[in-house]
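Chemist: structure for the following, please:
(one chain, ligands or ions: 2)
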Amino acid sequence: MTKKIVTLAGDGIGPEIMSAGLEVLAALAPKIDFDYEIDPKNFGGAAIDADGHPLPETTLNAAKNADAILLAAIGGPQYNDAPVRPEQGLLSLRKALGLFANIRPVQIFDALKHLSPLKPEIIDGVDFVVVRELTGGIYFGEHTLNERTARDVNDYSYEEIERIIKVAFEIAEKRGKKVTSVDKQNVLATSKLWRIVAEDVAKSYPHVALEHALVDSLAMKMITNPSDFDVIVTENLFGDILSDESSVLPGTLGVMPSASHAANGPSLYEPIHGSAPDIAGLGIANPISMILSVAMMLRESFGETIGAQYIENAVNKTLLDGILTKDLGGKASLKEMTAAIISNL
Ligand code: ATP
Ligand code: MG
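Modeler: Ligands and ions are numbered 1, 2, ... in the order given. The predicted structure follows:
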């Protein structure tokens with residue numbers, strides 16, 4: 001059956017890198033018999049310009065009915081004073097689609113090891129995934145700001161914790177190693193419940209090891225022993241901080257994809273970086289984060305494991321060939337990098 005993919009190119013370098021991602025998909029599709037159609041929709045600042053709102057009704061409806069959603073990037077300084085900012089569109093979209101699980105793979109390409117701020121012997125073998133709960137916790141509890149006091153409520157239910165821990169175990173089962181569940185169990189009630197649920201869920205996954213870590217110690221170990229981890233799962237606030245920390249390991253934002261999943265309905269795939277307004281329209285953006293987001297989509301939404309692997313191998317080969325964009329220390333343009341990846345497919 002034809003897969004419906006809604007694309008949200010957005011702002012800044014968004015349209016350039018989205019085109020690159022779709023070119024790679026178009027080149028790959030016949031090789032793996034993947035039948036799809038693209039439905040481009042306005043989103044973010046581009047949608048504010050066109051329709052006066054970052055998440056127009058037509059975009060939301062198309063997204064809800066899609067088989068998967070690709071998002072490039074949104075936002076930019078010109079929208080700082082907009083009545084509804086582009087980022088609000090993304091929060092509304094996540095909420096409307098129930099995207100509760102955010103997945104960020106962290107790996108360091110052999111050809112890019114020198115970009116990492118960490119020593120080569122420390123990053124050797126780094127290959128882990130951060131799974132962040134995205135729709136609960138302190139972000140969505142009651143916030144009260146008084147003159148001399150303030151209060152934020154951190155709420156989690158058993159079910160909310162269970163579904164995100166399950167996502168982590170499902171990923172770990174395919175990768176075959178272990179889950180590191182991160183909390184602050186020595187202080188927080190939500191973390192005490194978190195640990196109980198993690199133990200309960202683990203019983204259904206006898207082939208996956210479970211370990212617990214306190215968030216402060218994990219923050220340290222992610223830098224001192226990053227190759228110890230396989231799947232790291234944690235709640236919303238800790239996940240926000242740890243996923244940004246993890247994104248520093250490769251030393252570049254331009255190569256990192258992400259996925260967000262709901263209980264039902266389409267998943268959304270996007271680069272972890274922003275719209276990079278400083279280089280928008282110059283044709284020098286690194287398209288790899290978007291291209292690897294396409295690979296994640298193929299694997300996680302459509303079960304196209306081999307197609308995803310083709311893309312990942314082609315990216316790896318291209319980097320080893322020394323085709324590097326400016327952010328990676330090279331001179332290749334976005335178009336040259338994209339063409340090289342396609343020829344390596
Ligand atoms: P946001 O607030 O939207 O997350 P940000 O402030 O984190 O944005 P980014 O837009 O992610 O910033 O950009 C941070 C820096 O990284 C910028 O200098 C940008 O040019 C660079 N950068 C980000 N993505 C890419 C890319 N794909 N290719 C090249 N450079 C990039
Ligand atoms: Mg940012």
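
Chemist: what bridges to the residue nearest to Ser289 when sequence neighbours are not counted?
Modeler: What sits nearest to Ser289 in space, not counting adjacent residues and going by C-beta to C-beta, 6 or more residues apart in numbering, is Pro271, at 3.3 Å. Every residue, glycine included, has its C-beta placed from N, CA and C. Counting by DSSP bridges, Pro271 forms beta bridges with Pro257.

Chemist: any idea how far ligand 1 is from Pro271?
Modeler: 6 Å (C-beta to the nearest ligand atom, to the nearest Å).

Chemist: helix, strand, or coil at His212?
Modeler: Under DSSP: H, G, I helix; E, B strand; the rest coil, His212 falls in the strand class.

Chemist: and the closest residue to it other than its chain neighbours, what does it touch?
Modeler: Nearest non-adjacent residue to His212, counting by C-beta to C-beta, 6+ apart: Ser181, 5.3 Å away. The contact partners of Ser181, by C-beta atoms under 8 Å, 6 or more residues apart in numbering, come to 165, 168, 194-195, 198, 210-213, 233-234.

Chemist: let's go with 6 Å and repeat that
Modeler: 198, 212, 233 (C-beta atoms under 6 Å, 6 or more residues apart in numbering).

Chemist: which SSE is immediately downstream of the strand or helix carrying it?
Modeler: Applying DSSP states H and E as the criterion places Ser181 in strand 178-183. Where DSSP H and E defines the elements, the next helix or strand beyond strand 178-183 is helix 189-202.

Chemist: in that following helix, what counts as buried?
Modeler: Counting neighbours by 16 or more other C-beta atoms under 10 Å, one finds that the buried residues in helix 189-202 are 190-191, 193-194, 197-198, 201-202.

Chemist: how close does the nearest residue to Ile74 once chain neighbours are set aside get to ligand 1?
Modeler: Sequence neighbours aside, Gly44 is the residue nearest to Ile74 in space, at 2.9 Å (criterion: C-beta to C-beta, 6+ apart). Here the distance between Gly44 and ligand 1 works out to 10 Å (C-beta to the nearest ligand atom).

Chemist: where exactly do the strands run in this structure?
Modeler: For the chain, the strands defined by DSSP state E occupy 3-10, 36-40, 68-73, 101-107, 127-133, 143-145, 150-152, 178-183, 209-214, 231-234, 257-261, 267-271.

Chemist: with distance to Ile48 as added columns, please give the ones you listed in CSV.
Modeler: Formatted as CSV, these follow (distance: least, C-beta to C-beta, whole Å):
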stretch, distance to Ile48
strand 3-10, 11
strand 36-40, 17
strand 68-73, 15
strand 101-107, 24
strand 127-133, 27
strand 143-145, 26
strand 150-152, 30
strand 178-183, 37
strand 209-214, 41
strand 231-234, 33
strand 257-261, 22
strand 267-271, 19
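
Chemist: will you turn these into TSV that also has mean pLDDT?
Modeler: Conversion of the strands of the chain to TSV gives the following (pLDDT from 0 to 100):
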stretch	mean pLDDT
strand 3-10	98
strand 36-40	98
strand 68-73	98
strand 101-107	96
strand 127-133	97
strand 143-145	96
strand 150-152	97
strand 178-183	98
strand 209-214	98
strand 231-234	98
strand 257-261	97
strand 267-271	97
